[in-house]
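A.B. asks: got a predicted model here, sequence first, then my questions.
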Amino acid sequence: DAGITQSPRHKVTETGTPVTLRCHQTENHRYMYWYRQDPGHGLRLIHYSYGVKDTDKGEVSDGYSVSRSKTEDFLLTLESATSSQTSVYFCAISGVGENNSPLHFGNGTRLTVT
Amino acid sequence: QQQVKQSPQSLIVQKGGIPIINCAYENTAFDYFPWYQQFPGKGPALLIAIRPDVSEKKEGRFTISFNKSAKQFSLHIMDSQPGDSATYFCAASRGYMRFGAGTRLTVKP
């Protein structure tokens, strides 16, 4: 699993509550990504980071924020969880970055918003 | 709107068969085309990848065929085994990785 740990692995939360998911890597890779996986949609990019304190939006970033204060940690926060954010969230890392670079994924966090 | 369209959604073959999964894209700026394999409860893992200057790439039993003019690429699995049963995602990259919707493959013994 390329030294990627996601926590928690499972979480159930109520609508309107804030939620933070954590991704920790031991590979010292510069690039980190948060994707969500939903049936019929594959994986869609939420946010990504290209260095400490350097982040940018992906294609489905509304309702999410991220922070990266250390190379090894990338946090995803759902500011006020909604049922549409029920999903499986994957963190990925890449050593090279944007183009022509394979992604290595963690094992995911299954989030249920009730 | 899905930038990478993948078909079929699901596929069932007998052991030894050759499942084929197809993907199509619109953005000609894409320059890296990987395939990922995902088992239940795990994250996707890189299986094989191709760049647009190559029409075919083979790694073991897995082959990517790439048709630049048609903007299509496909994954072939030779001599498929029950252990190949998984969900397969095609992807295309320029800036960040875009994924197809996935194909759930079942290989029956």
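C.D. replies: Thanks, I have it. Bear in mind that the values here come from a model prediction, so they are computed numbers and not experimental data.
A.B. asks: ok, stretch B:22-36 near chain A or not?
C.D. replies: Yes - contact of stretch B:22-36 with chain A (CB under 8 Å from any CB of the partner chain) involves B:31-32, B:34. In this view, the C-beta of every residue, glycine as well, is placed from N, C-alpha and C.
A.B. asks: now do that stretch: distance to the chain's middle.
C.D. replies: In terms of CA atoms, centre = their mean, to the nearest Å, the gap separating the centre of stretch B:22-36 from the centre of its chain is 10 Å.
A.B. asks: could you do stretch B:97-104 as well?
C.D. replies: On CA atoms, centre = their mean, the centre of stretch B:97-104 falls 8 Å from that of its chain.
A.B. asks: is the helix or strand of chain B with the lowest mean pLDDT up against chain A anywhere?
C.D. replies: Lowest by mean pLDDT, DSSP states H and E among the helices and strands of chain B is strand B:96-99, with a mean of 90. Yes - residues of strand B:96-99 contacting chain A under CB under 8 Å from any CB: B:96-99.
A.B. asks: in the helix or strand following that strand, what's buried?
C.D. replies: On the C-terminal side of strand B:96-99, the nearest following helix or strand under DSSP states H and E is strand B:103-108. Neighbour-count burial for strand B:103-108, with 16 or more other CB atoms under 10 Å in any protein chain shown as criterion, is recorded at B:103, B:105, B:107.
A.B. asks: could I get those as CSV with distance to A:Glu27 and pLDDT?
C.D. replies: Listed next are the buried residues of strand B:103-108 as CSV, based on distance: CB to CB, whole Å; pLDDT from 0 to 100:
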residue, distance to A:Glu27, pLDDT
B:Thr103, 29, 98
B:Leu105, 29, 98
B:Val107, 32, 98
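A.B. asks: center of chain A, which residue is that?
C.D. replies: For chain A, the residue nearest the mean C-alpha position is A:Trp34 (2.6 Å; CA atoms, centre = their mean).
A.B. asks: report the backbone C-alpha coordinates of stretch B:74-87 in PDB.
C.D. replies: What follows is stretch B:74-87, C-alpha atoms only, in PDB (Å, rounded to 0.1, in the frame of the first residue of the first chain):
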ATOM      1  CA  SER B  74      -8.600  -1.100 -24.200                       C
ATOM      2  CA  LEU B  75      -7.400  -3.600 -21.700                       C
ATOM      3  CA  HIS B  76      -7.200  -7.300 -22.600                       C
ATOM      4  CA  ILE B  77      -6.600 -10.000 -20.000                       C
ATOM      5  CA  MET B  78      -5.200 -13.200 -21.600                       C
ATOM      6  CA  ASP B  79      -6.000 -16.600 -20.000                       C
ATOM      7  CA  SER B  80      -8.100 -15.000 -17.300                       C
ATOM      8  CA  GLN B  81      -8.100 -16.500 -13.800                       C
ATOM      9  CA  PRO B  82     -10.600 -16.400 -10.900                       C
ATOM     10  CA  GLY B  83      -8.000 -14.300  -9.100                       C
ATOM     11  CA  ASP B  84      -8.400 -11.600 -11.800                       C
ATOM     12  CA  SER B  85     -12.000 -11.000 -10.500                       C
ATOM     13  CA  ALA B  86     -11.900  -7.300  -9.500                       C
ATOM     14  CA  THR B  87     -13.000  -3.900 -10.600                       C
END
